[in-house]
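# Next input, structure requested:
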Amino acid sequence: MLYVGLDQHKKYSYFTVKGEEDEVVFQGKIPSTPSGIDDFLENFKDQEISVALEAGSSWYWLYDLLEEKVKKVSLVNPKACKAIASAKLKKDKMDSLTLANLLKADLLPTCYIPSREERYFREIVRFRALLVRERTRVKNRMHSILGKLGITHEFSDLFGKKGRKFLEVLELSFPYRDELKSLLKVLDYLNEEIDYVTGIIDSLCR
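Numbering: from 1, shown residues only. Now for the predicted structure:
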């Protein structure tokens, strides 16, 4: 069995491969691309491999690729792993060697790994939340414009039918007129996208 610690980064990932006798078989940088990972694994195609991968912001594709090509992939909790590395191995930072050492010593604090379907669902829900936040920012900006100009209104919902009509016919000076017009277009676009994504989520929940 080979024990691989993988410290993933955007362009390159750092690998440490340790053998059963605790020897370092390989240590170095590999391009963080599917072809780069494939080329690396090809060097050990006749051996069983266990990989420790730190959970970062872009682990999905790498985990899926490794899951198909190695015996076992462990997704590591980076915060807990740093604590264990410091206590057990006196390391000051997380790196591929620490991951390989912890993997071989069976000390890895692993994470729950959702299925691909669950990950995709989480992703679309997060995206909808992002769109809603952006829509709120746009609405707040329009409220800010009216506040700067001392314009008041009696609409409970400034962005309902009556409030929208009020905004469309409002006569403002430059640059507020152009900014409001542009913001209304952005608001319409965001509303359409939120409705579209909501439809996807609804279909997945059926």
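# mind checking which helix or strand the residue sitting furthest away from the middle of the chain is in?
The outermost residue of the chain relative to its centre, with distances by C-alpha atoms, centre = their mean, is residue 171 at 42.7 Å. Following DSSP states H and E, there is no helix or strand that holds residue 171.
# next helix or strand past the helix or strand bottoming out on mean pLDDT in the chain?
Across the helices and strands of the chain, the lowest-confidence element by mean pLDDT, DSSP states H and E is helix 78-84, at a mean of 72. Per DSSP H and E, helix 78-84 leads on to helix 96-104 as the next helix or strand towards the C-terminus.
# returning to what we had before: residues in contact with the residue farthest from the centre of the chain?
If you count contacts by C-beta atoms under 8 Å, 6 or more residues apart in numbering, residue 171 has them with residue 177. (C-beta placed from N, C-alpha, C; glycine too.)
# That one and residue 177, how far apart?
Using C-beta to C-beta, to the nearest Å, residue 171 is found at 7 Å from residue 177.
# low pLDDT regions in the protein?
In the prediction, the chain carries residues with pLDDT under 70 at positions 82-94.
# show me where it has helices.
With DSSP state H as the criterion, the chain has helices at 34-42, 59-69, 78-84, 96-104, 116-148, 161-169, 176-205.
# can you tell me which of those comes nearest to residue 19?
Closest to residue 19 of the helices of the chain is helix 96-104 (C-beta to C-beta; 9.1 Å).
# who does that closest one touch, helix- and strand-wise?
For helix 96-104, the packing partners by 3 or more C-beta pairs under 8 Å, 6 or more residues apart in numbering; DSSP states H and E come out as strand 2-7, strand 12-18, strand 24-31, strand 49-54, strand 72-76, helix 78-84.
# Pull the contacting residues for the nearest residue to residue 25 once chain neighbours are set aside.
Among residues not flanking residue 25 along the chain, residue 17 sits closest, at 4.3 Å (C-beta to C-beta, 6 or more residues apart in numbering). For residue 17, the residues meeting the contact criterion (C-beta under 8 Å, 6+ apart) are 2-4, 24-27, 44, 100.
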